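Asks: Starting from these lines, generate the structure:
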Amino acid sequence: MKILLWKPGVYDMTRGELPTIGLAIMATAAIEAGHEAVVADHHFSPPEEEFIEKAIIKLIDEHQPDILGISAVSYEWTMPRVQHALDIAHARGIEVWVGGPQAVAYNDILEKDERLSKIVIGEADGRFNEILNAETKVVHLGRSPVFNRPTFTALIDHGEIITYPFFVSRGCHYNCTFCAATKVFGNRWRARELSDELWAELDAIAVNHPKCKTLSIIDDAFTQDMDHAKEFLREYIKRDYPYQVSVFNVRADYLDEEILALLKETGVETLAVGIESADPEVFRMLRKGETLEKIAEAIVMIQKAGLTPWLNMVIGLPGDTVESHRRSLDWIMQFEQPRIIQWNIFSPFRGTMAYDYFVKSGDIEDGYTPPFWGRYEKLPDDGMFDAEGFTREEKSLAQLEAFLKCNVPIIILSDSKVRKLCKENNMWDTYQEWRKNAPIRKFLENTVPNKVDKGQESISFDEYDTLMAEFSNQDELPTDPFVYKTVSP
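Replies: As a prediction, the model looks like this:
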């Protein structure tokens with residue numbers, strides 16, 4: 001059989017850079033079962049914007065698959081091109097399988113869609129024929145007993161991989177109320193055996209993906225077992241791999257000086273720590289199983305180790321209000337540079353306790369699909385949905401205030417929108433302080449060109465040149481929000 005595996009793709013900080021590992025693992029399962037597999041990852045390798053609607057149809061025409069497998073998050077599923085692809089596949093008699101977060105969260109709704117053949121929940125490692133022969137439309141696989149090596153060579157444009165995603169473990173034994181990861185990968189942590197097979201996968205990167213520069217450890221809880229993580233890092237260093245390591249996230253209560261030193265030796269520069277909210281009551285409702293005091297100690301420890309803490313904060317969680325957000329903002333402001341702070345607006349994942357909280361309160365209806373968020377050139381976000389005690393507009397302005405006070409430079413990409421909102425909402429002085437203190441010039445010179453080149457921002461290089469010209473002298477502060485002509489949001 002011919003299997004075409006497709007990721008529709010969205011705009012975010014990994015677009016054009018990080019290939020989808022789940023599709024590559026499914027490709028392994030298909031190939032080991034005796035089938036042909038091709039991976040079309042339009043997140044990693046996005047088509048030109050003017051051809052994006054037709055790209056998947058062109059692939060179907062070219063490969064004539066027996067099965068079209070789609071990995072999607074919820075807002076991808078709502079895209080017109082995804083629905084059009086389903087119509088085309090159904091009309092041609094092509095089986096359609098759906099996996100990923102959309103299948104996990106909305107399988108009861110997807111089951112009613114006659115265009116779909118299988119809704120796959122769980123880990124597909126070594127289980128292709130099990131899915132193929134399943135008598136039920138919704139296939140609950142659960143945890144796989146094996147870790148398949150992903151077949152990235154089945155990926156179109158695999159020679160362009162510069163960042164290689166890698167599992168050292170899967171799962172997380174915590175069950176935070178807001179977290180989608182434990183719904184997708186389960187809340188039982190499993191270590192990958194540090195065997196010859198694991199090291200052979202890393203050895204093959206140089207052969208199969210010669211442009212690769214970074215190894216991205218994408219575990220949900222890489223340091224859950226500190227001894228296992230340290231053993232991996234020591235052996236990685238001993239083998240002298242040329243790839244700079246990055247780690248998606250760690251828990252603050254699973255760090256010590258030794259592991260931070262090992263991470264630094266592998267080239268890790270930033271280390272992401274999920275805080276979400278520093279308001280005591282909102283934090284308590286998250287059920288993270290750690291304390292704010294322990295998080296604060298870890299942030300200082302990370303800085304002392306010569307790494308930059310990347311602090312992930314969320315606005316609009318259960319129990320959050322304008323006042324509790326301000327307390328969270330005040331708490332986070334205690335940490336000096338170096339630090340990076342990311343402020344997101346909460347997007348509820350169906351099946352989590354946080355999602356159920358907002359359904360029960362009447363703020364959203366069951367089946368609610370979050371809209372797309374996170375386009376940097378459109379910040380601040382629209383607030384997602386109105387909640388009791390925290391309206392959509394209030395959440396949007398709270399995000400804007402947090403970015404400004406924390407001197408986050410990324411909002412320069414939507415500067416005209418930001419200046420207008422600041423003038424209208426009595427934040428002009430805050431904007432002026434941000435313009436003086438945020439590392440805007442460094443961001444424009446070092447970060448934005450790469451984002452534009454990878455398609456992570458929908459601004460052209462001409463618009464980028466205009467930004468550089470307008471903000472070449474950061475000391476020239478605007479006295480009015482409408483003085484400068486900047487990129488329109």
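Asks: For the rest of this, base every contact and every neighbour count on C-alpha atoms.
Replies: Fine.
Asks: So the nearest residue to Ala181 once chain neighbours are set aside versus Gly362, what's the distance?
Replies: The shortest distance from Ala181 to any residue other than its chain neighbours is 7.0 Å, reached at Asp220 (Cα to Cα, 6 or more residues apart in numbering). Distance from Asp220 to Gly362, counting by Cα to Cα, to the nearest Å: 31 Å.
Asks: Tell me which of those two has more neighbours.
Replies: Neighbours around Asp220 and Gly362, counted as other Cα atoms under 10 Å, are more numerous at Asp220. The numbers are 24 against 12.
Asks: contacting residues for the more buried one?
Replies: Contacts for Asp220 (Cα atoms under 8 Å, 6 or more residues apart in numbering) come out as 169-172, 181, 248-250.
Asks: how about the strands in the stretch 51-200 of the chain?
Replies: Assigned strands in the stretch 51-200 of the chain, in chain order: 67-71, 95-99, 118-122, 138-142, 163-166, 169-170, 190-191 (criterion: DSSP state E, counting those that start in this stretch).
Asks: For Leu263, find the nearest of the ones you listed.
Replies: Between Leu263 and those, the tightest spacing by Cα to Cα is seen for strand 163-166, at 15.3 Å.
Asks: Give the other helices and strands that that closest one contacts.
Replies: When contacts are defined as 3 or more Cα pairs under 8 Å, 6 or more residues apart in numbering; DSSP states H and E, strand 163-166 packs onto strand 214-217.
Asks: follow-up on the earlier one: can you give me phi and psi for the residue nearest to Ala181?
Replies: The main-chain torsion angles of Asp220 are listed as degrees, to the nearest 10 and equal phi -70, psi -30.
Asks: and the gap between it and Tyr174?
Replies: Counting by Cα to Cα, the gap from Asp220 to Tyr174 is 10 Å.
Asks: Reformat the contacts of Asp220 as TSV; add distance to Thr151, neighbour count and pLDDT.
Replies: Below are the contacts of Asp220 laid out as TSV (distance: Cα to Cα, whole Å; neighbours: other Cα atoms under 10 Å; pLDDT from 0 to 100):
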residue	distance to Thr151	neighbour count	pLDDT
Ser169	18	23	94
Arg170	18	24	91
Gly171	21	22	88
Cys172	25	20	88
Ala181	23	19	78
Phe248	21	17	88
Asn249	24	21	87
Val250	27	18	92
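Asks: out of those residues, which one sits closest to Leu132?
Replies: Out of the contacts of Asp220, the one with the shortest distance to Leu132 is Arg170. That distance is 24.5 Å, counting by Cα to Cα.
Asks: Show me the beta-bridge partners of that closest one.
Replies: Note on Arg170: beta-bridge partners by DSSP bridges are Arg190.
Asks: Make sure it is actually in contact with Asp219.
Replies: Yes. The pair Arg170 and Asp219 passes the contact test of Cα atoms under 8 Å, sitting 5.9 Å apart.
Asks: ok, the closest residue to Val146 other than its chain neighbours - contacts?
Replies: The shortest distance from Val146 to any residue that is not its chain neighbour, by Cα to Cα, 6+ apart, is 6.5 Å, and that residue is Asp125. For Asp125, the set of contacting residues under the criterion of Cα under 8 Å, 6+ apart consists of 25-26, 28-29, 144, 146-148.
Asks: Check what pLDDT Asp125 gets.
Replies: At Asp125 the predicted local distance difference test score is 93.
Asks: Please report the distance of it from His158.
Replies: As for Asp125, its distance to His158 is 20 Å (criterion: Cα to Cα).
Asks: Return the residues in contact with His63.
Replies: His63 is in contact with 2, 4, counting by Cα under 8 Å, 6+ apart.
Asks: do Leu194 as well
Replies: Under the criterion of Cα under 8 Å, 6+ apart, the contact partners of Leu194 comprise Phe232.
Asks: Can you give me the neighbour number for Ile57?
Replies: Under the criterion other Cα under 10 Å, the count of neighbours that Ile57 has is 15.
Asks: how near is Pro101 to Lys288?
Replies: Distance of Pro101 to Lys288, computed by Cα to Cα: 21 Å.
Asks: What of Arg15?
Replies: 29 Å.
Asks: Ala387 too?
Replies: 23 Å.
Asks: out of these two, which sits in the busier spot?
Replies: Between Ala387 and Lys288, counted using other Cα under 10 Å, Ala387 has the larger neighbour count: 22 against 18.
Asks: Quick check: closest non-adjacent residue to the more buried one.
Replies: Once flanking residues are discounted, Ala387 sits nearest to Asp363: 5.3 Å by Cα to Cα, 6+ apart.
Asks: Can you give me the neighbour number for that neighbour?
Replies: Using other Cα under 10 Å, Asp363 has 14 neighbouring residues.
Asks: For it, what are phi and psi?
Replies: Asp363 has phi and psi values of phi -80, psi -30 when expressed as degrees, to the nearest 10.
Asks: Tell me who's in contact with it.
Replies: Contact criterion Cα under 8 Å, 6+ apart gives 385-388 as the residues in contact with Asp363.
Asks: now these as CSV including distance to Pro318?
Replies: Formatted as CSV, the entries for these read as follows, by distance: Cα to Cα, whole Å:
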residue, distance to Pro318
Phe385, 13
Asp386, 12
Ala387, 9
Glu388, 10
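Asks: Can you tell me which of the residues you listed end up in helices?
Replies: Among the contacts of Asp363, the subset assigned to helices under DSSP state H is empty.
Asks: Show me just the buried residues among those residues.
Replies: Neighbour-count burial (16 or more other Cα atoms under 10 Å) is assigned, among the contacts of Asp363, to 385, 387.
Asks: Could you dump the contacts of Asp363 into CSV with distance to Val38 and pLDDT added?
Replies: CSV is the format used below for these (distance: Cα to Cα, whole Å; pLDDT from 0 to 100):
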residue, distance to Val38, pLDDT
Phe385, 38, 95
Asp386, 42, 96
Ala387, 43, 96
Glu388, 47, 91
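Asks: related to what we said a few turns ago, separation between the residue nearest to Ala387 and Ala354?
Replies: From Asp363 across to Ala354, the span is 12 Å (Cα to Cα).
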